[in-house]
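K.L.:
Give me a 3D structure for the following:
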Amino acid sequence: MKKILFLLTLAAMFLTSCNGNREAMNVARNFLNAYYIDYDFDRARALSTPATHEHMQQWIMVFELTPEELRHLNFSRVVVDDIDIVGTRATVRYRVDNIRRHLLLRQTNGRWLVDMPTEIANNREFSLSHNRPDTGGFASAESRPTRLTRRTEE
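P.N.:
Numbers count the residues shown, from 1 in each chain. Sure, this is the predicted structure:
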């Protein structure tokens, strides 16, 4: 009888763990697609903590001010590779157009939310940047300098 009870408890814990993994993965996928692919920042906000909203704000402002000029930053694909869950915290490893990054999640009131505070923004792997490493961002070292020449009066 003890063995059966133990096995039932173990099975229940396993099923609960799998359901939590699936829920956290779904939140991560939905957030990443909203943020990087669809530019649906309202949907991304609904799936994230207030600390994440601060981290996202600079990119939201840039896209709201100059959406057409920034279309070259479009990402075409997000792939979630793996997730590690420890208690109420999760780390998701993903790729956005083969750029490897990490996403942090936190379970709050039974609900998984993306939790990317501004303090971690300096770490490239945890960045929510829309810059591609191959472009160097807005002001790139690959850019050619503009030379101003003086016109001489004749």
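K.L.:
Quick one: the strands in this protein, in order.
P.N.:
Assigned by DSSP state E, the chain shows strands spanning 78-86, 89-96, 99-108, 111-114.
K.L.:
May I see the buried residues of the shortest one?
P.N.:
So the one you mean is strand 111-114. For strand 111-114, a neighbour-count test (16 or more other CB atoms under 10 Å) marks Trp112, Leu113, Val114 as buried. Quick note: C-beta positions are derived from backbone N, CA and C, even for glycine.
K.L.:
which residues sit in contact with the last one?
P.N.:
Val114 sits next to Val27, Ala28, Phe31, Ala44, Leu47, Ser48, Thr49, Thr52, Leu103, Leu104, Leu105 when contact means CB atoms under 8 Å, 6 or more residues apart in numbering.
K.L.:
Touching, the fourth one and Phe31? I think so.
P.N.:
Yes: contact status for Ala44 versus Phe31: in contact at 5.5 Å, counting by CB atoms under 8 Å.
K.L.:
Pop out the phi and psi values for Gly110.
P.N.:
phi 80, psi 0 (degrees, to the nearest 10).
K.L.:
Which of the strands of the chain sits closest to Met56?
P.N.:
Taking CB to CB, strand 111-114 is the member of the strands of the chain nearest to Met56, at 9.3 Å.
K.L.:
what about Arg29, neighbour count?
P.N.:
Neighbours of Arg29 under the rule other CB atoms under 10 Å: 16.
K.L.:
Then His102?
P.N.:
Count around His102 with other CB under 10 Å applied: 16.
K.L.:
isn't it right next to Thr91, touching?
P.N.:
Yes: using CB under 8 Å, His102 is in contact with Thr91, at 5.7 Å.
K.L.:
Any chance of a markdown table for the strands of the chain, columns distance to Asp38 and mean pLDDT?
P.N.:
Conversion of those to a markdown table gives the following (distance: least, CB to CB, whole Å; pLDDT from 0 to 100):
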| stretch | distance to Asp38 | mean pLDDT |
| --- | --- | --- |
| strand 78-86 | 10 | 93 |
| strand 89-96 | 13 | 93 |
| strand 99-108 | 16 | 92 |
| strand 111-114 | 15 | 96 |
